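> What would the 3D arrangement of this be:
(4 chains)
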Number of protein chains: 2
Amino acid sequence: MAQARRYAGGVDGNRSLERGIEILRAFRPGVDTLGNGEIAERCGLPRSTVSRLTRTLVNSGMLDEVRSERAYRLAASVISIGHAMRTGSPVLNAIGPMMRAESAKRRLNVGLATADRTMMVYLESIRYSPRAALRNVVAGQQVPMELTSLGRAYLAGIAEVERERLLRLFKRRSAAATKALLADVRRSISAVERDGYCAVSWQPAVLAVATPIVLEGLPVYALNMSLQNVERSDALASEIGSYLNAFAAKCQEVLAGREPE
Amino acid sequence: MAQARRYAGGVDGNRSLERGIEILRAFRPGVDTLGNGEIAERCGLPRSTVSRLTRTLVNSGMLDEVRSERAYRLAASVISIGHAMRTGSPVLNAIGPMMRAESAKRRLNVGLATADRTMMVYLESIRYSPRAALRNVVAGQQVPMELTSLGRAYLAGIAEVERERLLRLFKRRSAAATKALLADVRRSISAVERDGYCAVSWQPAVLAVATPIVLEGLPVYALNMSLQNVERSDALASEIGSYLNAFAAKCQEVLAGREPE
DNA sequence: CAAGCATTTCCACTAAGTGGAATTAAGGGG
DNA sequence: CCCCTTAATTCCACTTAGTGGAAATGCTTG
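Sure, this is the predicted structure:
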């Protein structure tokens, strides 16, 4: 009767696989190990089912078993898949080197991100530091979409329906402050439409400016530039904004040329 | 009859999930996009099945659809999971900073890796360069186990049965040169047992020296130190080897102390 | 050593998943 | 412009693979 589709509420697809992926997703920075019980709770799955799925994930090399804690942690395979992703990303390949050059030239941080559900995930984040010895790349880090320039630029770049869907999600999650927050988000989106960029300081003394990168047939990305240890000022924001606009235009150009692969 | 276990030849677990993971694994550096047909071929699965599984992976955010090529590519989510893995790795957290310091002190590359099937995958790879501006971290990169110091040190660190299983796999794969290669691998393993480290130059002018890190209840890791643009010499190898042994001992100490979490 | 909690195994049930065949959609000449 | 080839997707009858509640097992703790 049921034809491998439309299981409890879902549209189409494979339930076990979906659940297995959800289990992998339950591991995030801050939760280094998870036991079957905790996974069952977080994912809303029966314990016996989780037990079987985690076993499979161990056999497939995605999880390591930590016997002593009766728990699991993400295995090294996941970073090799992550590495393959970065390697295969045409956008990152095309503009990664340009980002490094731009960071050095302008003496500020340059980042590239895209969405993972309601978070923005960095494909590349080049931290400028006068002492060049410090680490530069933090790929994979997530920041909240509603609160960051990156996220708001992304929202400005996607289709209206998708944007509204996401905004509804934010509303549902943050209980208070929602009204003011959503208004602020919409203001940032307007700013992108008007000026090409938006500026946000969600971290104490960091000023970040971002712009969307929209390409036919690819997910929407967002580029940002940021500076630490500065006071937020409109003048500074618009200076960085103009650098960013110029840089983004150059990126779009390169990407349009390379797109056919 | 069949109780969610022992499907065609397998021991136990969930077939769909296993297949889905295998699909993700089919993406590797060099193959940036894959169509359903090619996936079906590489994974040995029926096309209709692949079609359904890739759809699920897209819905779960692990794959992006590239409509223009009727193909898929890894989505950004996979690097956020990869990031979570690195963040949660107690070994990397404990000795990552030590590795950076050691690299600067000894002026050579320092790497940490573990196994993903028959490949070694870097959790961290710190490339020393007098001009500190160059990139330092290449996490997730894979190198072949049989050919590298890292891989051979790993082999020396694991249980005998597992080692023999892997050696059999290598034999099956590389048609020619097998005998000499396997002998060389065994020589490296003996070297580790005798000297604590093994030295290999699988890249033209690179000398690499590695040692295993064995900890109760964790996968076996391998640490390496390497130098570019040098002629291989036993004197140099043993000098680096002694640095490595000293460093590895310090790491083991720190890790033993931190292990209880 | 017993009691309590958590995880894994068991098992009857059946819906979820499968894969071959049919269908639809996308390039590629003629 | 339309037909033809090739590949992906959908259909659908079949049945096995997966499910989850209950029982059993295995740690841990007082």
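
> In terms of helices and strands, where is the single nearest residue of the stretch 51-200 of chain A relative to DNA strand C?
For the stretch 51-200 of chain A and DNA strand C, the shortest gap (Cβ to the nearest atom of the strand) falls at residue A:51, measuring 3.8 Å. C-beta: built from backbone N, CA, C; applies to glycine. Applying DSSP states H and E as the criterion places residue A:51 in helix A:47-59.

> Is chain B within reach of the next helix or strand after that helix?
Using DSSP H and E, the helix or strand that follows helix A:47-59 in sequence is strand A:63-66. Yes - Strand A:63-66 is in contact with chain B by Cβ under 8 Å from any Cβ of the partner chain, via A:64, A:66.

> Which residue ranges of the stretch 101-250 of chain A form helices?
A:149-157, A:160-173, A:178-195, A:234-258 (DSSP state H, counting those that start in this stretch).

> how much does the third one deviate in direction from helix A:234-258?
By that I understand helix A:178-195. Helix A:178-195 runs at 60 degrees relative to helix A:234-258, counting by axes from the mean of the first three to the mean of the last three Cα atoms, to 10 degrees.

> and the direction of helix A:178-195 versus that of helix A:149-157, what angle?
Relative orientation of helix A:178-195 and helix A:149-157, computed by the same axes, to 10 degrees: 70 degrees.

> Show me what counts as buried in helix A:178-195.
For helix A:178-195, the neighbour count (16 or more other Cβ atoms under 10 Å in any protein chain shown) marks A:182, A:185, A:188, A:189, A:191, A:192, A:195 as buried.

> Run through who's touching it.
Applying Cβ atoms under 8 Å, 6 or more residues apart in numbering or on different chains, the external contacts of helix A:178-195 come out as A:146, A:149, A:152-153, A:155-157, A:163, A:167, A:170-171, A:174, A:197-200, A:211-212, A:238, A:241, A:245.

> Where does residue A:80 sit: helix, strand or coil?
Under the three-state scheme (DSSP: H, G, I helix; E, B strand; the rest coil), residue A:80 adopts helix.

> so how far is residue A:206 from it?
Distance, residue A:80 to residue A:206, using Cβ to Cβ, to the nearest Å: 32 Å.

> Between the two, point out the one with more neighbours.
The residue with more neighbours, out of residue A:80 and residue A:206, is residue A:80; 25 against 16, by other Cβ atoms under 10 Å in any protein chain shown.

> Report the contact partners of that one.
For residue A:80, the contact set (Cβ under 8 Å, 6+ apart) comprises B:28, B:116, B:119, B:121, B:140, B:141, B:142.

> One more pass at 10 Å, please.
For residue A:80, the contact set (Cβ atoms under 10 Å, 6 or more residues apart in numbering or on different chains) comprises A:61, B:25, B:28-29, B:82, B:116-117, B:119-122, B:139-142.

> tally of neighbours for the residue nearest to it when sequence neighbours are not counted?
Using Cβ to Cβ, 6 or more residues apart in numbering or on different chains and skipping residues adjacent in sequence, the residue nearest residue A:80 is residue B:121, 4.5 Å away. Using other Cβ under 10 Å, the number of residues around residue B:121 comes to 24.

> who touches residue B:121 in this structure?
Taking Cβ under 10 Å, 6+ apart, we find residue B:121 in contact with A:75-81, A:83, B:113-115, B:139-143, B:145, B:150.

> got any ranges where the stretch 151-261 of chain A has weak pLDDT?
Applying pLDDT under 70 to the stretch 151-261 of chain A flags the ranges A:175-177, A:258-261.

> Mind telling me which residue of the stretch 151-261 of chain A is nearest DNA strand C?
Relative to DNA strand C, the nearest point of the stretch 151-261 of chain A is residue A:217 (11.5 Å; Cβ to the nearest atom of the strand).

> what about that residue, distance to residue B:66?
In terms of Cβ to Cβ, residue A:217 sits 6 Å off from residue B:66.

> Give me the more crowded residue out of those two.
residue B:66 (18 against 11).

> do the host helix or strand of residue A:99 and chain B meet?
According to DSSP H and E, residue A:99 maps onto helix A:90-106. Yes - judged by Cβ under 10 Å from any Cβ of the partner chain, helix A:90-106 comes into contact with chain B through A:90, A:92, A:93, A:96, A:100, A:104.

> so the fourth one makes contact with residue A:122?
No - between residue A:96 and residue A:122 there is no contact under Cβ atoms under 10 Å: 11.8 Å.

> So the two - more neighbours on which side?
Legend: neighbour count by other Cβ under 10 Å for residue A:96 and residue A:122, higher for residue A:122 (24 against 19).

> In contact with that one, which residues are there?
Going by Cβ under 10 Å, 6+ apart, residue A:122 touches A:111-114, A:137-143, A:150, A:222, A:224, B:76, B:79-80, B:83.

> Then residue A:37?
By Cβ under 10 Å, 6+ apart, residue A:37 lies in contact with A:47, A:50, A:51, A:70, A:71.

> Please apply the same query to residue A:110.
By Cβ under 10 Å, 6+ apart, the contact list for residue A:110 reads A:95-96, A:98-104, A:124-128, A:223-226, A:243-244, A:247.

> Please repeat the previous calculation with a cut-off of 8 Å.
Applying Cβ under 8 Å, 6+ apart, the residues near residue A:110 are A:99, A:100, A:102, A:103, A:125, A:126, A:128, A:223, A:224, A:225, A:247.

> again, but for residue A:157
The contact partners of residue A:157, taken as Cβ under 8 Å, 6+ apart, are A:192, A:212, A:213, A:214, A:220, A:221, A:222.

> Now the two most distant members of the residues you listed.
By the measure Cβ to Cβ, A:192 and A:221 form the most distant pair in the contacts of residue A:157, at 13.5 Å.
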